[in-house]
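J.: kindly return the folded structure for what I paste below:
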Amino acid sequence: MSEQSTPRDTEARGPVHDVAVLGGGSFGTAMAKVLGENGHRVHFWMRGEAQAEEIRTTRINSRYMPGIELAGDIQPTTDLADAVSKAEIVFVAIPSKAFRAVIRENCDKFRDDQIVISLTKGIEEHGFKLMSEILQEEIPRCRIGVLSGPNLAGEIVNRDLTATVIAAKDPDVRRAVQDLLGCEYFRVYANVDVYGVELAGALKNIYAIVAGLASALEMGENAKAMLITRGLAEMSRFAVSLGANPMTFMGLAGVGDLIVTCTSSKSRNFRVGFAVGQGQKLDDAVADLGQVAEGIYTLKLVKEKAEAIGIYMPLVRGLYEILYDNASIKAVINSLMMSVQNSDVEFILPRTISQ
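T.: Model prediction:
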C-alpha cells in the first residue's frame, strides 16, 4: 500500500470530528496520521515549538517518523489547553514518566464527560499505577479508555494492516473510538477489561527485551517459542493476581502484542535486548535507541511488585539480574532451564508449588 491516502469520503464515513493527540513521539504521530487520513481535524500537541513548526511547514516529524508525510487536517501546537478545549476526544501518548505531571498540570483544561484515551504502555513508579488509573485520579469527571495491541507505529504509518483494542467500561466510549480510528487498514476491536488490556501492554515490553537477548545469542526457533509462551504464562499469572481477566491475554492486547514485540526488530524493547545480548552496556543501548523503551522501567517495578505479592516470575527475575546485577546471560539461562517444570498453561492444572 502507498504511504499516502486520499481524504475519506465524509458521506460514507460520517461527520468530521475535532480530536486531540497529546505527545509528538512515534505512536502519537501514527495515531495523528490515521485520524487525519480518516478526515478528522487533529490538534496535535507536542512540547517543542521547533518540532511543531517542522510539521506545520513540511508535514513530516523527522525525529520520530522520517520520510512520512502527515496528510489531512493536522494542526501541530504547543498549546495543550487550546488542543484539549477544541477536542471532543483526547488521545494521550505521553511517556509514562511524564504522564501524571502533564495531566495534573492541565487537569482543569479537560471538560466534564470528555472522552480521554491512553495510548501509553507503561506503569508509574509510585504505587504501581497504570495510565488509566492516573487519568481516573487526576480527571475523574472524564470518561476513560485505553488503546493497546500489536501496534508497531512504523507499520501503521505505512498503512500496513493492523488491529488494536479499545478497552473501556462505557460502550459509547468504545464505539466512538472504533468510529474515529477504524479504516481499511486499521481495525479496532473492543474489550471491557481496561486493567487487563493495559497491563498486558505494559508487561509485554519486558519479554520483548528477553526476546531481543535470545535473538542476539542466536537461539533456535524452539527456544524463542518457549520464551514467548512462558512469558505469556508469566504475565497472565501476574495480571490475574491483580484482578485482570485471564481471557484478555488470549487476544490482541495479550498474545498478539507479545508476538509482535518479541519477533520484530522494529520493537524498541527488542532492539535494547538485542544490543545487550551483543555485549553493549544497557545505558549505551538506550542512548543509541534515542527513544523511550518502556520495558526498562517496567521491569524494575514488576520485579518489586511480584516479590511483594509472592508471584513467581523467573523471566522477570532473570532479566533483572542480567541488566542490573551484571549476571552472566548464560548462567541465567541455565538457571531458568533447571527450574521446576510445572503447568504449561496457566489456570488449568492446580498449583502445588509456589510458582
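J.: and the end-to-end length of stretch 141-151?
T.: End-to-end distance for stretch 141-151, by CA to CA, to the nearest Å: 29 Å.
J.: next: stretch 323-334.
T.: 16 Å.
J.: check stretch 279-299 too.
T.: In stretch 279-299, first residue to last residue: 20 Å (CA to CA).
J.: and the strands in the protein?
T.: Residue ranges of the strands in the chain, as given by DSSP state E, are 18-22, 41-45, 74-77, 89-92, 115-118, 123-124, 129-130, 143-148, 162-167, 186-191.
J.: so what's the residue nearest in space to the middle of the chain up against?
T.: Centroid check for the chain by CA atoms, centre = their mean gives Lys121 as the closest residue, at 3.4 Å. Contact analysis of Lys121 by CB atoms under 8 Å, 6 or more residues apart in numbering lists 96, 148, 198, 201-202, 204-205, 294. Every residue, glycine included, has its C-beta placed from N, CA and C.
J.: ok, and the closest non-adjacent residue to it?
T.: Of all residues not flanking Lys121 in the chain, Gly201 sits nearest, at 3.9 Å (CB to CB, 6 or more residues apart in numbering).
J.: for the one you found, the count of nearby residues, please.
T.: As a burial measure, Gly201 scores 31 neighbours (other CB atoms under 10 Å).
J.: quick one: residues contacting it.
T.: Gly201 is in contact with 121, 146, 148-149, 253, 257, counting by CB under 8 Å, 6+ apart.
J.: show me what the residue lying closest to Leu181 once chain neighbours are set aside is bridged to.
T.: In this structure, Leu181 finds its nearest non-sequential neighbour in Val188, 5.1 Å apart by CB to CB, 6+ apart. Assessed by DSSP bridges, Val188 has beta-bridge partners Thr164.
J.: hang on, Val188 packs against Ala176?
T.: No - using CB atoms under 8 Å, Val188 is not in contact with Ala176, being 10.4 Å away.
J.: re the thing from before, among the strands of the chain, which gets the worst mean confidence?
T.: Lowest mean pLDDT within the strands of the chain: strand 123-124, a mean of 92.
J.: find the residue closest to Leu152 in space, skipping its chain neighbours.
T.: Using CB to CB, 6+ apart and skipping the chain neighbours, the partner closest in space to Leu152 is Lys266 (4.8 Å).
J.: report the buried residues of stretch 50-64.
T.: When burial is assessed from 16 or more other CB atoms under 10 Å, stretch 50-64 yields the following buried residues: 51-52, 54-55, 60-61, 63-64.
J.: now do stretch 181-194
T.: Counting neighbours by 16+ other CB under 10 Å, stretch 181-194 gives 181-183, 185-189, 191, 193-194 as buried.
J.: longest helix anywhere in this protein?
T.: Secondary structure of the chain per DSSP state H: the longest helix is helix 194-216.
J.: name the helix or strand of this protein that has the lowest mean pLDDT.
T.: Sorted by mean pLDDT, DSSP states H and E, the helices and strands of the chain end with helix 10-13, the least confident at a mean of 48.
J.: end to end on stretch 185-204, go ahead and measure it.
T.: 24 Å.
J.: same question, stretch 166-184
T.: First-to-last residue span, stretch 166-184, CA to CA: 17 Å.
J.: gap between it and the chain center?
T.: 17 Å (CA atoms, centre = their mean, to the nearest Å).
J.: can you check stretch 115-132 too?
T.: Its chain's C-alpha centre and that of stretch 115-132 lie 10 Å apart, by CA atoms, centre = their mean.
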